[in-house]
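Visitor: need a structure here:
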Amino acid sequence: LDFFFSSAYVPKTAAGHCKWAEVLKDLEQIKTSKDIDVSLYTANTDEDVKCQEPVMRCFFLETKVILQECLIKNCSKTQDVLNIWKNGNARLENNKSNSTRSAKCKECEEYEEKNFTEFIQSFVKVIQRECK
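Guide: Numbering: from 1, shown residues only. Next up, the predicted model:
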């Protein structure tokens, strides 16, 4: 019986089953946007694996800055940005209970400010790493 239960569970790791798949799709939608011009704190893509959750939080926090900018300027991609922010925060809320922050993880404001294009490239890289 033990064998039956242990072999019945096979974790799904394919990209289609990644909890960030929707966010990734929306990031692809906004990455070429010409009407978003902001500098954003951009976490390092090679941050320690223990800092992955704070890194994700930083990216979603900065997405809120993009959203505010879009609401002011009436960007063409406002809905996509809103989707990223909503989906990201929903996923992060689910993670809250088991998060332990390492003391060596940086605060969002400690990262370098980068332009929108670099920010999105880094964000995509971090999410792709999460989805592996």
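
Visitor: The residue nearest in space to the middle of the chain: which element?
Guide: Centroid check for the chain by CA atoms, centre = their mean gives residue 56 as the closest residue, at 4.8 Å. In this assignment (DSSP states H and E), residue 56 forms part of helix 52-73.

Visitor: List the contacts of that helix.
Guide: Contact with helix 52-73 is made by 30, 35-38, 40-44, 47, 75, 77-78, 81-82, 84-85, 88-89, 92, 95, 99, 101, 105-106, 108, 111, 116, 119, 122-123, 126, 129-130, as judged by CB atoms under 8 Å, 6 or more residues apart in numbering. Where C-beta positions appear, they are placed from N, C-alpha and C, glycine not excepted.

Visitor: Restrict the residues you listed to the buried ones and give me that as a ChimeraX selection.
Guide: Buried residues within the contacts of helix 52-73, by 16 or more other CB atoms under 10 Å, are selected in ChimeraX with:
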select :30,36,40,41,42,43,47,75,77,78,81,82,84,85,88,105,106,108,111,116,119,122,123,126,130
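
Visitor: Do a quick rundown of the strands in this protein.
Guide: Ranges of strands in the chain, per DSSP state E, are 39-41, 113-115.

Visitor: Need those strands in JSON lines (columns: distance to residue 67 and mean pLDDT).
Guide: Below are these laid out as JSON lines (distance: least, CB to CB, whole Å; pLDDT from 0 to 100):
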{"stretch": "strand 39-41", "distance to residue 67": "12", "mean pLDDT": "96"}
{"stretch": "strand 113-115", "distance to residue 67": "17", "mean pLDDT": "96"}
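
Visitor: Save those strands as TSV, and put in distance to residue 20 too.
Guide: Output for the strands of the chain, formatted as TSV (distance: least, CB to CB, whole Å):
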stretch	distance to residue 20
strand 39-41	18
strand 113-115	21
